[in-house]
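> Build me a model:
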Amino acid sequence: MLFDIAPKERVEDLYDMRRELSSLEGFLSDPYVRMVVILGPRRTGKTSLLRVALNELGYPRLYVDARRVLGSREYFVREVKRGLEEMLSARRHRRLLLKALERVKGISVGGVRVELEARDFKATVVDVLESVDRELGGGFFILALDEAQELSAIRWLPKVLAYCYDTLRRVKVVVTGSEIRVLEDFLGEGDPESPLFGRPYAAVRTRRLSREEAIGFLEAGFMEVGMSIEEAVLREAVDRLDGVIGWLTYFGWHAWKCGDLRRGLEEAVLRGSMLSRSELERFLARREEARARYIAILKAASVRPLSWSQISRYLMAELGRRIAPNQLARYLSSLVRYGFLEKAEGKYYVSDPLLREA
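Residues are numbered from 1 along each chain as shown. From the prediction side, this is the model:
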């Protein structure tokens, strides 16, 4: 269903991403592509694209949702355990996984339950990947790290991925994330000291829908749930939600459940703005000393795209003091890296339409 707010699992529920899906499936099936990176702004369907491709291809995979890891080694162990149990529950690859895991020290399997010894977890992960690589008779094993930039605190992981890249011919690595953070913070692009530096990868990019595509998505979704539409409300929804398919889905779901387009739009904007604000608060909580400056920058860039010098002048007027150029550059870089701002043609703007409403 198009208005299902959970990540999509079936190709028929993935709206207007045929080109991206075809590219991703092609890369995952190409023996000469070792790593694939799915990049795009927030809520543009990266997770849905990944999960649909994995389901369509049917390769065995270990899927880790890095948003649940929270930068914690303990939580990373838990998520790997969850991914292995998900594989065991899928009967298609159960025999392969059982045979591979019986070779690995520190893992015990009972039914579809997996117990891991966390003491030397790096070695355990390597052993699992090596064992799977040996057992595969054909095809590939996919190690999928969703929102991989959230794993940057797991310092040894890039070294393991570099080892897989260089050594394990049937193990492919797929990562998703916001462009700058996943490329620089996780893959170490531009840093010769990074374990993954210089290793080629294939990239697939998600995008915002055009105005026509966004209206088409809403029309198709409301037709699917049997709900009549009002063109004026759909146009307003696209104006306010800016072609971000995650927020458009949020609107469609709320309107469907309350039976009223206008109420659904206001509810989606209200709840979505609260969610965007909470994400910003988590970002600001670690930067309390500069909170007022970050908020002033976002306030300025939410009205219209602004150049570096225009933002500098705005901060001077708003805060009553000049911000040093190196400090302002650091603030802008952080906001872009975390997806709160985007930069195009030398100007910065708030990328999330509902953050502008918050």
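
> Which is the succeeding secondary structure element to the host helix or strand of Glu281?
Glu281 is part of helix 261-285 when elements are defined by DSSP states H and E. Taking DSSP H and E as the definition, the helix or strand that follows helix 261-285 towards the C-terminus is helix 291-301.

> Any idea how far that next one is from the middle of the chain?
Centre-to-centre, helix 291-301 and its host chain are 25 Å apart (Cα atoms, centre = their mean, to the nearest Å).

> Return the backbone torsion pair for Tyr329.
No, residue 329 isn't Tyr; it's Ala. Torsion angles at Ala329 (phi, psi; degrees, to the nearest 10) stand at phi -60, psi -40.

> and stretch 314-330, which residues are buried?
Residues of stretch 314-330 classed as buried under the neighbour-count rule (16 or more other Cβ atoms under 10 Å) are Tyr314, Leu315, Ile323, Leu328. Just so you know, the C-beta spots here come from the backbone N, C-alpha and C atoms, and that holds for glycine as well.

> for stretch 332-339, same thing?
Residues of stretch 332-339 classed as buried under the neighbour-count rule (16+ other Cβ under 10 Å) are Leu332, Ser334, Leu335, Val336, Arg337, Tyr338, Gly339.

> For Leu88, state which of these is nearest.
Distances from those to Leu88 were compared by Cβ to Cβ; the smallest belongs to Gly339, at 34.4 Å.

> hang on, the earlier thing: what angle separates the helix holding Glu281 from helix 291-301?
With axes from the mean of the first three to the mean of the last three Cα atoms, to 10 degrees as the basis, helix 261-285 and helix 291-301 are set at 140 degrees to each other.

> Residues contacting helix 261-285, please?
Around helix 261-285, the neighbours that count as contacts under Cβ atoms under 8 Å, 6 or more residues apart in numbering are 227, 229-230, 233-234, 236-237, 240-241, 247, 250-258, 291, 294-295, 298, 338, 340, 352, 354-355, 357-358.

> one more time with 6 Å, if that's ok
Where contact means Cβ atoms under 6 Å, 6 or more residues apart in numbering, the residues beyond helix 261-285 that reach it are 230, 233, 237, 247, 250-251, 254-255, 258, 291, 338, 352, 354-355, 357-358.

> Now the buried residues of stretch 332-339 in a markdown table, please, with extra columns for secondary structure, distance to Pro158 and pLDDT.
Supplementary listing: the buried residues of stretch 332-339 in a markdown table, determined by DSSP: H, G, I helix; E, B strand; the rest coil; distance: Cβ to Cβ, whole Å; pLDDT from 0 to 100:
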| residue | secondary structure | distance to Pro158 | pLDDT |
| --- | --- | --- | --- |
| Leu332 | helix | 26 | 96 |
| Ser334 | helix | 21 | 91 |
| Leu335 | helix | 25 | 93 |
| Val336 | helix | 22 | 91 |
| Arg337 | helix | 17 | 84 |
| Tyr338 | coil | 20 | 86 |
| Gly339 | coil | 21 | 87 |
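
> Return the member of these nearest to Lys8.
Among these, Gly339 lies closest to Lys8 (Cβ to Cβ), at 20.9 Å.

> can you tell me how far that closest one sits from Leu196?
From Gly339 across to Leu196, the span is 21 Å (Cβ to Cβ, to the nearest Å).

> ditto for Leu28
Using Cβ to Cβ, one obtains 18 Å as the distance from Leu28 to Leu196.

> higher neighbour count, the two?
Summary of the neighbour comparison: Leu28 and Leu196, criterion other Cβ atoms under 10 Å, with Leu28 having more neighbours (24 against 21).

> In terms of helices and strands, where is that one?
In the assignment (DSSP H and E), Leu28 maps to helix 18-29.

> Give the next helix or strand downstream of that helix.
Downstream of helix 18-29, the next assigned helix or strand under DSSP H and E is strand 35-39.

> Can you give the strand pairings for that next one, parallel or anti for each?
Strand pairing for strand 35-39, using DSSP bridges, gives strand 171-177 (parallel), strand 202-205 (parallel).

> hang on, the earlier thing: mind putting the buried residues of stretch 332-339 into JSON lines with distance to Arg271?
Output for the buried residues of stretch 332-339, formatted as JSON lines (distance: Cβ to Cβ, whole Å):
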{"residue": "Leu332", "distance to Arg271": "29"}
{"residue": "Ser334", "distance to Arg271": "26"}
{"residue": "Leu335", "distance to Arg271": "23"}
{"residue": "Val336", "distance to Arg271": "26"}
{"residue": "Arg337", "distance to Arg271": "26"}
{"residue": "Tyr338", "distance to Arg271": "21"}
{"residue": "Gly339", "distance to Arg271": "19"}
